[in-house]
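Asker: Structure, please.
(one chain, ligands or ions: 1)
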Amino acid sequence: MSKTYVVIVESKDGKLRQVSLEALHAANLLREDGDNLTAVLLGHQMDDTAAELARHVNGQVLVVDHPELQAYQPELAFEAAMQALAALPDEPRLILLGHTAIGRDLAPQLAARLACGQISDVTAITKDGDGISFTRPLYAGKAFEQTRLSDGTGIVTLRPNNLPPADPASAAGTIVPLEFTPPTPLSIILKDVVRKVSGKVDLTEAKIVVSGGRGVKSADGFKVLEELADSLGGAVGASRGACDAGYCDYALQIGQTGKVVTPEIYIACGISGAIQHLAGMSQSRIIIAINKDPEAPIFKVADYGIVGDLFEVVPLLTEQFKQV
Ligand code: FAD
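Answerer: Next comes the predicted model:
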């Protein structure tokens, strides 16, 4: 019997989020001949975004476009997602979302309403025989758990940057607009205050992250890291030590109580490598540590280490990368 795979897609400023394209790739990996793929897009004035999405979806694109969905509001987005799922001809086998602020909010609501299982923060998917297993890190990345979903619908959130994105050339999806009747919201957004705290690249999706700790010593010190990140097309992150010291905004915090990142390259500058920090970055593909203390624990997880003063090393690196 054919199965239906659903991806709840996120967009930001009209652009599809990379992790949603990775979720579409995951769905493509899992589906067999005859299985259906549906992408659900929620928002307002989504025509261009939906057209772009359709280029990545070999199936249907359900678009719930409504002024009330302009900004993310949990109960409205949840209701819109439920109405989209109700429009499907059969129960989905799997609903995939990004392990983002929105995905982490929406997925458990859906799992509760659909009375189904959820596997969060998945970093790898393996298809073996007729089963699918999902890998997720535990204990700040010190252990990995392999989990399976029982029969019926299941929900999975995917950690960004662990799978390739769906190929845009391979698909031509059908766009299906859906009517949306919003419920009376429990809260009303009066005003959005957006404080731009980091550069052009989204920290959780950046391929390269240059991160600073208490060793950076001041807000001014972070400018040196921003220059390196700019020269590499990366984003700037921070340890909680640096945030607590007021050197940068908490939006940059990486770790157990901050963001989780899995870039191709993570450059830790003046960060000691506390377990709570490692929880947010130890799955990075290549870790480079710059620290003047050769005994700093960060060197235990680093692939490359530079023992030295970051204020000497980082500008030298920036200079070299600018020449590439
Ligand atoms: P430090 O530990 O002070 O390290 C500074 C490093 O800079 C040192 O290794 C030093 O050798 C080096 N250094 C100094 N000057 C230079 C220089 N000029 N050049 C090169 N190196 C230099 N932390 C997080 O990061 N993220 C979290 O999400 C998080 N959550 C937490 C949750 C809980 C419940 C608790 C209790 C703690 C949490 N922490 C978190 C805090 C964590 O335990 C550490 O205190 C914090 O990560 C330390 O930050 P740091 O490495 O920047 O500072």
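
Asker: excluding its backbone neighbours, what's nearest Gly215?
Answerer: Gly270 (2.0 Å; Cβ to Cβ, 6 or more residues apart in numbering). (Each C-beta comes from the backbone N, C-alpha and C, glycine too.)

Asker: Now do that neighbour, the pLDDT please.
Answerer: Per-residue confidence (pLDDT) for Gly270: 98.

Asker: Could you measure from the residue in the stretch 1-150 of the chain positioned nearest to the ligand over to Val19?
Answerer: With Cβ to the nearest ligand atom, the shortest gap between the stretch 1-150 of the chain and the ligand falls at Ala140, namely 9.7 Å. In this view, Ala140 and Val19 are 21 Å apart by Cβ to Cβ, to the nearest Å.

Asker: Between the two, which is the more surrounded one?
Answerer: In this comparison of Ala140 against Val19, neighbours counted by other Cβ atoms under 10 Å, the higher total goes to Val19 at 27 against 18.

Asker: Please name the spatially closest residue to that one (chain neighbours excluded).
Answerer: What sits nearest to Val19 in space, not counting adjacent residues and going by Cβ to Cβ, 6+ apart, is Gly98, at 3.4 Å.

Asker: In this structure the one you found contacts Lys12, no?
Answerer: No. In this structure, Gly98 is not within contact of Lys12 by Cβ atoms under 8 Å, at 11.0 Å.

Asker: Of these two, give the one with the bigger neighbour count.
Answerer: For Gly98 versus Lys12, the count of surrounding residues by other Cβ under 10 Å is larger for Gly98: 27 against 15.

Asker: need the contact list for the residue nearest to Gly215.
Answerer: Remark: with contacts taken as Cβ atoms under 8 Å, 6 or more residues apart in numbering, Gly270 is in contact with Gly212, Gly213, Arg214, Gly215, Val216, Lys217, Ile290, Asn291, Lys292, Leu310.

Asker: Any figure for the gap between it and Arg240?
Answerer: According to Cβ to Cβ, Gly270 stands 13 Å off from Arg240.

Asker: And for Leu96?
Answerer: 30 Å.

Asker: More neighbours: the two, which one.
Answerer: In terms of neighbours (other Cβ under 10 Å), Leu96 is the more surrounded of Leu96 and Arg240; the figures are 29 against 22.

Asker: tell me which element the more buried one is part of?
Answerer: Under DSSP states H and E, the secondary-structure element containing Leu96 is strand 94-98.

Asker: Give me the next element, helix or strand, following that strand.
Answerer: With DSSP H and E, the next secondary element past strand 94-98 is helix 101-114.

Asker: and that next one, what's its mean pLDDT?
Answerer: When pLDDT is averaged along helix 101-114, the result is 97.
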